[in-house]
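In: compute the structure for the input listed below.
(one chain, ligands or ions: 1)
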Amino acid sequence: MTSVTLETIANLAKKRGFVYPASEIYGGLRSAWDYGPLGVELLRNVREAWWRAMVRERDDIVGLDSSILQAAEVWVASGHVSSFTDPLVECTTCNNRYRLDKLEDPDQCPGCGSRGTFTAPKQFNLMFKTFMGPVEDSSHTVYLRPETAQGIFINFANVVRTARMRPPFGIAQIGKSFRNEITPGQFVFRTREFEQMEMEFFVPPDEAEEWYRYWLEERRSWYLALGMKEDHVRLRPHDADELAHYAAGCSDVEYLFPWGWDELEGIANRTDFDLKAHAERSGEDLRFYDQAADERYYPYVIEPAAGLTRSAFAFLLDAYDEEEVGGETRVVLRLHPRLAPIKVAVLPLSKKPDLVDVTQEVAGSLRGHWNIEVDVTQSIGRRYRRQDEIGTPYAVTVDFDTLEDRAVTVRDRDTMAQDRVPIEGLVEHLRGRFEGLL
Ligand code: ATP
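Out: Now for the predicted structure:
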């Protein structure tokens, strides 16, 4: 178990402006969350890090941004209308509802402790349904997408044609997905509206196993490269009875959450199930034409499907640290600099106009390079504490000596070491410290 509790992170997230409960002034909306000024930067940084690793730094993967609303046929073909369900049970004593497959003891209600009081399980479809246009009848039903992947499959032929890609190649997409989860919870771990980062990698069928192994290692390494502790991340192959009927193999990247190991990302060999299903239903030929061999075939698909909101949460948990400094507890988020919402804080020692003027000058010179924050409130000690708690790698302090020597103090979040640096060379100095990390 990790030492930080869910409550500690949720409180810090709320207090510092990472995450607020949605609709809070109306009493909140269960399982929905709003991301505040720091949270939105963190999400953006995780999203950018993924996009960079998956799209920008590779020549075999391209991006896509498909619509959240698609023809209802998409979800019929993919099997979501018929079987994207979870088994729902209700306790007849306390009326709480649960997902049967997630209960520790399938015979005992975790709400009231009663035994043998569950109703027979009912298959509950997780898709949010609505209507397109003014007429509310079944011919106008549309679904909010429960995953981004299907938007990729239905654009497979478009991308092959326009981006001139040939297997092995991938299509990556980041965006919102919606699932009417029976039991959302554990803060932002399981919500009804969330963001996913998915990539479908199309390969010749006989290379599928090799690429599956490749993506397992790539995806695990991605979390570690962004600072997650090695002993908090593991790969767990699914048991045969956990596998989706179309999958030839699936493993989860798991993180050691405060409640134990749980899924961050699923990596599956989806075979040619999706392309075939859409080809059959739409009547379009979705086979890839291999010119050299003069043959058409359905590529197999290896899919790493990650949660953006869930992994941002895991990065927060993993970064949380407390240490004793001078008899007091210092809370510090040791976020990787690439993920840190604010890269540099600029803090005048006091609110004296001379100092504030120089602070604005220093801030102006840094702003074009990094996301910075100027903070003139409260004592310098409290401001350092705030920057530590939000994971800012460096704080630049403008003090009275600055007015004489035109130098500032650079404080390192992790070591708390302070260095005096001339204002004229500050950008270069910080650039050196961030070298290879942003
Ligand atoms: P579970 O079985 O836990 O409901 P899943 O295995 O169906 O989830 P996938 O369909 O594989 O999840 O989704 C891929 C990723 O999307 C998950 O690993 C997770 O990071 C993220 N994800 C899925 N559902 C949610 C949710 N309700 N809230 C937040 N993130 C989610």
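In: mind listing the helices for the stretch 301-438 of the chain?
Out: When assigned using DSSP state H, counting those that start in this stretch, the helices of the stretch 301-438 of the chain occupy the ranges 308-319, 353-367, 380-389, 400-405, 426-434.
In: can you add distance to Glu48 and mean neighbour count and give the ones you listed back as CSV?
Out: From N, CA and C alone the C-beta is placed, and that goes for glycine too. Output for the helices of the stretch 301-438 of the chain, formatted as CSV (distance: least, CB to CB, whole Å; neighbours: other CB atoms under 10 Å):
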stretch, distance to Glu48, mean neighbour count
helix 308-319, 11, 24
helix 353-367, 19, 16
helix 380-389, 22, 18
helix 400-405, 33, 13
helix 426-434, 15, 15
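In: in JSON lines, list those along with distance to the ligand.
Out: What follows is the helices of the stretch 301-438 of the chain, written out as JSON lines (distance: least, CB to the nearest ligand atom, whole Å):
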{"stretch": "helix 308-319", "distance to the ligand": "4"}
{"stretch": "helix 353-367", "distance to the ligand": "34"}
{"stretch": "helix 380-389", "distance to the ligand": "25"}
{"stretch": "helix 400-405", "distance to the ligand": "46"}
{"stretch": "helix 426-434", "distance to the ligand": "29"}
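In: dump those helices into CSV; add mean pLDDT and distance to Glu254 as well.
Out: Formatted as CSV, the entries for the helices of the stretch 301-438 of the chain read as follows, by pLDDT from 0 to 100; distance: least, CB to CB, whole Å:
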stretch, mean pLDDT, distance to Glu254
helix 308-319, 98, 10
helix 353-367, 97, 38
helix 380-389, 96, 27
helix 400-405, 97, 48
helix 426-434, 98, 31
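In: Gly326 is nearest to which of those helices?
Out: If you check each of the helices of the stretch 301-438 of the chain against Gly326 by CB to CB, helix 380-389 wins as the nearest, at 10.3 Å.
In: what sits closest to Ser82 if chain neighbours are left out?
Out: Val76 (7.5 Å; CB to CB, 6 or more residues apart in numbering).
In: likewise for Gln360?
Out: On the basis of CB to CB, 6+ apart, the spatially nearest residue to Gln360 that is not a chain neighbour turns out to be Val374, at 7.3 Å.
In: quick one: name the residues of the stretch 151-300 of the chain near the ligand.
Out: 179, 181, 190-191, 194, 196, 263-266 (CB under 6 Å from any ligand atom).
In: narrow those to those in strands?
Out: Among those, the ones falling in strands (DSSP state E) are 194, 196, 263-266.
In: need the buried ones from the residues you listed selected in ChimeraX.
Out: Only the buried members of these end up in this ChimeraX selection, burial being decided by 16 or more other CB atoms under 10 Å:
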select :194,196,263,264,265,266
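In: stretch 80-98: how far from the chain's middle?
Out: Stretch 80-98 has its average C-alpha position 27 Å from the chain's average C-alpha position, going by CA atoms, centre = their mean, to the nearest Å.
In: my bad, should have said stretch 89-101
Out: The mean C-alpha position of stretch 89-101 is separated from the chain mean by 30 Å, CA atoms, centre = their mean.
In: list the buried residues for that stretch?
Out: Of the residues in stretch 89-101, those with enough neighbours to count as buried (16+ other CB under 10 Å) are 89-91, 97-99.
In: show me the two of those that sit farthest apart.
Out: The widest separation within these, taken as CB to CB, falls between Cys91 and Arg99 and amounts to 12.8 Å.
In: list phi and psi for Arg338.
Out: Main-chain torsions, Arg338, degrees, to the nearest 10: phi -60, psi -30.
In: can you check the pLDDT for it?
Out: As predicted, Arg338 sits at a pLDDT of 98.
In: same check, this time on Thr2
Out: Turning to Thr2, the model gives it a pLDDT of 44.
In: spatially central residue in the protein, please.
Out: With distances taken as CA atoms, centre = their mean, the chain has Leu308 as the residue nearest its mean C-alpha position (1.5 Å).
In: skipping its backbone neighbours, what lies nearest that one in space?
Out: Beyond its immediate neighbours in the sequence, the residue positioned closest to Leu308 (CB to CB, 6+ apart) is Glu195, lying 4.0 Å away.
In: beta partners of the one you found?
Out: Lys176 (DSSP bridges).
In: correct me if wrong: it contacts Val46.
Out: No. Here Glu195 does not reach Val46: they are 9.4 Å apart, not a contact under CB atoms under 8 Å.
In: between the two, which contacts overlap?
Out: Shared contacts of Glu195 and Val46, defined by CB atoms under 8 Å, 6 or more residues apart in numbering, comprise Leu308.
In: the more surrounded of the two?
Out: For Glu195 and Val46, the more surrounded residue by other CB atoms under 10 Å is Val46, and the numbers stand at 24 against 21.
In: hmm, Pro87 and Arg99 touching each other?
Out: Yes. Counting by CB under 8 Å, a contact exists between Arg99 and Pro87, whose distance comes to 6.7 Å.
In: and the residue in the stretch 301-438 of the chain that the ligand sits nearest to, what does it touch?
Out: Each residue of the stretch 301-438 of the chain has a distance to the ligand, by CB to the nearest ligand atom, and the smallest belongs to Gly307, at 2.3 Å. With CB under 8 Å, 6+ apart as the criterion, the residues that contact Gly307 are 194-197, 264-265.
In: next: Arg47.
Out: Contacts were defined as CB under 8 Å, 6+ apart; by that measure Arg47 touches 174, 195, 197, 308.
In: need the residues you listed in CSV (columns: distance to Asp272).
Out: CSV is the format used below for the contacts of Arg47 (distance: CB to CB, whole Å):
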residue, distance to Asp272
Ile174, 25
Glu195, 28
Met197, 23
Leu308, 27
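In: nearest to Ser23 among these?
Out: The shortest distance between Ser23 and any of the contacts of Arg47, using CB to CB, involves Glu195 and amounts to 18.8 Å.
In: model confidence score at that closest one, please.
Out: pLDDT, the model's per-residue confidence, is 98 for Glu195.
In: how about it, what does it touch?
Out: Neighbouring residues of Glu195 by CB under 8 Å, 6+ apart: 43, 47, 174-177, 307-309.
In: just to be sure, Tyr255 is in a strand?
Out: Yes. With DSSP: H, G, I helix; E, B strand; the rest coil as the criterion, Tyr255 is part of a strand.
In: contacts only, for it.
Out: 223, 228, 232-233, 261-262, 264, 314, 317-318.
In: one more time with 10 Å, if that's ok
Out: If you count contacts by CB atoms under 10 Å, 6 or more residues apart in numbering, Tyr255 has them with 2, 189, 223, 228-229, 232-234, 261-265, 310-311, 313-315, 317-318.
In: residue ranges of the helices in the stretch 51-200 of the chain, please?
Out: If DSSP H, counting those that start in this stretch is used as the criterion, the helices of the stretch 51-200 of the chain fall at 72-77, 80-83, 149-153, 156-163.
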